[in-house]
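**Student:** Could you look at this predicted model? Sequence included:
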Amino acid sequence: MSDAAREGGEGHGPAAARRRRAEPFGPQASRLRRSLAASTLDGCLHAGMLGLGELYLPAFALVLGARPFEVGLLTTVPMLVGSVFQLAVPAFTRRTGNKAWVVGSAVAQALTFLPILALAFGVSGRAYPRLLVWVCLYWALSLGINPAWNAWMGRMLPAAIRSRYFGRRNGWIQASLLGALLLAGGIVEGAKTMRLGVAAGFVVVFGLACALRLGSAWLLSLQHEPPETVRPRHESEAGWRALGRHHPAWRLIAVLVLVMGAVNVSAAYFTPYMLEELGLSYIEFTGLNVVMVLARIASSRRWGDIAHRFGSRRTLQVAAALIVPLAAMWVVSDNLLWLIALQTLAGFAWAGFDLALILNLFDCTDERDRSAVLSAYNLFNGFAIVLGSLLGGVVLDALGTSGYHVIFILSSSLRLATLLVFGRGVGRRRPGELSFRDVLLRALTPRGIRRVRS
């Protein structure tokens, strides 16, 4: 019996609904429903790993004695390594399949936290180079997963439910990230106040990050991998180079890559700015990150509704416009209340941008081209991130601590220039779509919320 027939015969009414809610992996649930439930839980555990592990790697580098410029390298060079590595992934997935590659890479990624946490037991001048090597491996596995996972999800998830599913999934993911950030901040600050040493706190949080990623890998293994209905382009032609100059994804890739390059002129240096220049405690540092995550949680469903009603193209344009001034706004004041308000706006804007990014990549590709387009995006994005970070690092090294404000303003200026030059034609136009101004107003106003959901 087909999945559709099973869904139709599952029964109706309150009792059946309670049974389906109580047994998301039970025999009464459809294969698609089980896979989507597992995908949401996987996303939550993966977010826990980010909050306990990845997001605290720059702070750990400072504990190991890294300079701000070295912290910038740690947050960007590994991404470039991963971007180059993922070009070889199709050769592996042709033999293993997307699912086996993703699950195996997730397990290996979890295990990279073990040598990283071991560095806390021997803090010395040689610890930073070792940390950089292990973080490069971590990011190679992380970005090596992405093309295969996106191709897998693109086949599994029906286009009709994609916007709202990802909007709701992102809400749960951000809630998990929030809990992980609070836990990590409490553990590290607690270890510091209990005189165990900050390094001991990092040992605990990195160990927990490893465990959560292993749980995430198990949930990935439970998900269904539909058979490929067409042969991916990397198997029949010369990969992304064969897409052609006029493929609709190229303009999208150009905008996303340039925006992310501009963002990373400053992004890699916010952690040393907050912890060293502003002198924030780990609790205050964590609190500002938590505010941003809370804003993401509160707005995730709203952005999903906006994308569903007005299209992924307009959603990307509006969200990208909102992230333009964020870096420059750090120059206005270092008052904690101002920073809380700024992080609230940042969480709202980045929730929309991240959702619109993945939806546009899906909309501008089909199953045949998706892996090739994602490989191209990851490669160029890795170079842009490193170049942006190096530009910010050079300015910071030349100007010292006064350079922080310069790179914040420079980052916002480059974001604005990118959108003014390339933003209008990005993405697939929806028939009868509203103007940019109308969608922006509806995204920002309470009245707009009611109208989006109507």
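**Tutor:** Structure's in. What do you need?
**Student:** and the next element down the chain from the longest helix anywhere in the chain?
**Tutor:** Looking across the chain with DSSP state H, the single longest helix is helix 159-193. Counting by DSSP states H and E, the element after helix 159-193 in chain order, helix or strand, is helix 198-221.
**Student:** What are the contacting residues of that next one?
**Tutor:** Outside of helix 198-221, the residues within contact range by CB atoms under 8 Å, 6 or more residues apart in numbering are 38-39, 41-42, 45-46, 48-49, 52-54, 56, 60, 63, 99, 102-103, 106-107, 109-111, 113-114, 116-117, 120-121, 123, 180, 183-184, 187-192, 282. For the C-beta atoms, the positions are set from N, CA and C on the backbone; glycine is no exception.
**Student:** and it, average pLDDT?
**Tutor:** Mean pLDDT, helix 198-221: 92.
**Student:** gap between that helix and the chain center?
**Tutor:** Between the mean C-alpha location of helix 198-221 and the chain-wide mean there is a distance of 18 Å, by CA atoms, centre = their mean, to the nearest Å.
**Student:** What helix or strand is the nearest residue to Leu322 once chain neighbours are set aside located in?
**Tutor:** Nearest residue to Leu322, sequence neighbours excluded (CB to CB, 6 or more residues apart in numbering): Ala349, at 3.7 Å. According to DSSP H and E, Ala349 maps onto helix 336-363.
**Student:** low pLDDT regions in this protein?
**Tutor:** Counting by pLDDT under 70, the chain shows low-confidence ranges at 1-29, 122-125, 195-196, 228-248, 366-371, 423, 425-436, 446-454.
**Student:** before we move on, back to that, next, the contact list for the residue nearest to Leu322, please.
**Tutor:** For Ala349, the contacting residues are Ala319, Leu322, Ile323, Leu326, by CB under 8 Å, 6+ apart.
**Student:** closest to Gly72 among those residues?
**Tutor:** Of all the contacts of Ala349, Leu326 has the smallest distance to Gly72: 18.1 Å, by CB to CB.
**Student:** where does the closest one land in three-state SS?
**Tutor:** Secondary structure, DSSP: H, G, I helix; E, B strand; the rest coil: Leu326 is coil.
**Student:** Quick check: chain neighbours aside, which residue is closest to it?
**Tutor:** Per CB to CB, 6+ apart, closest to Leu326 is Ala346, 5.1 Å.
**Student:** ok, the one you found to Glu284 distance?
**Tutor:** 16 Å (CB to CB, to the nearest Å).
**Student:** Can you tell me which of the contacts of helix 198-221 are buried?
**Tutor:** Neighbour counting by 16 or more other CB atoms under 10 Å classes 38-39, 41-42, 45-46, 48-49, 52-54, 56, 60, 63, 99, 102-103, 106-107, 109-110, 113, 116-117, 120, 180, 183-184, 187-189, 191-192, 282 among the contacts of helix 198-221 as buried.
**Student:** Distance of Val133 relative to Thr112?
**Tutor:** Taking CB to CB as the measure, Val133 falls 10 Å from Thr112.
**Student:** scratch that, Ser221
**Tutor:** 19 Å.
**Student:** what about these two, which has more around it?
**Tutor:** Thr112 (24 against 16; other CB atoms under 10 Å).
**Student:** Now the residue lying closest to the more buried one once chain neighbours are set aside. Its backbone dihedrals?
**Tutor:** Residue nearest to Thr112 in three dimensions, not counting chain neighbours: Tyr138, with 4.4 Å by CB to CB, 6+ apart. For Tyr138, the backbone dihedrals (degrees, to the nearest 10) come out as phi -60, psi -50.
**Student:** Report how many residues lie close to Tyr138.
**Tutor:** When neighbours are counted by other CB under 10 Å, Tyr138 registers 23.
**Student:** these two touch, right, it and Gln109?
**Tutor:** Yes: counting by CB atoms under 8 Å, Gln109 is a contact partner of Tyr138 at 6.1 Å.
**Student:** center of this structure - which residue?
**Tutor:** The residue lying closest to the centre of the chain (CA atoms, centre = their mean) is Asp354, at 6.8 Å.
**Student:** Now do the same contact list for that residue.
**Tutor:** Applying CB under 8 Å, 6+ apart, the residues near Asp354 are Asn170.
**Student:** Please apply the same query to Leu64.
**Tutor:** Leu119, Val123, Ala127, Tyr128, Leu131 are the contacts of Leu64 under CB under 8 Å, 6+ apart.
**Student:** tell me the SS of Glu225?
**Tutor:** Taken by three-state DSSP, the conformation at Glu225 corresponds to coil.
**Student:** just Ala91 next, same as before
**Tutor:** Under three-state DSSP, Ala91 comes out as helix.
**Student:** Ala66 now?
**Tutor:** Quick answer, by three-state DSSP: Ala66 is coil.
**Student:** Was I right to think it contacts Tyr128?
**Tutor:** Yes: Ala66 is in contact with Tyr128 according to CB under 8 Å; the separation is 5.0 Å.
**Student:** Quickly list what's touching both of the two.
**Tutor:** In contact with both Ala66 and Tyr128: Leu74, using CB under 8 Å, 6+ apart.
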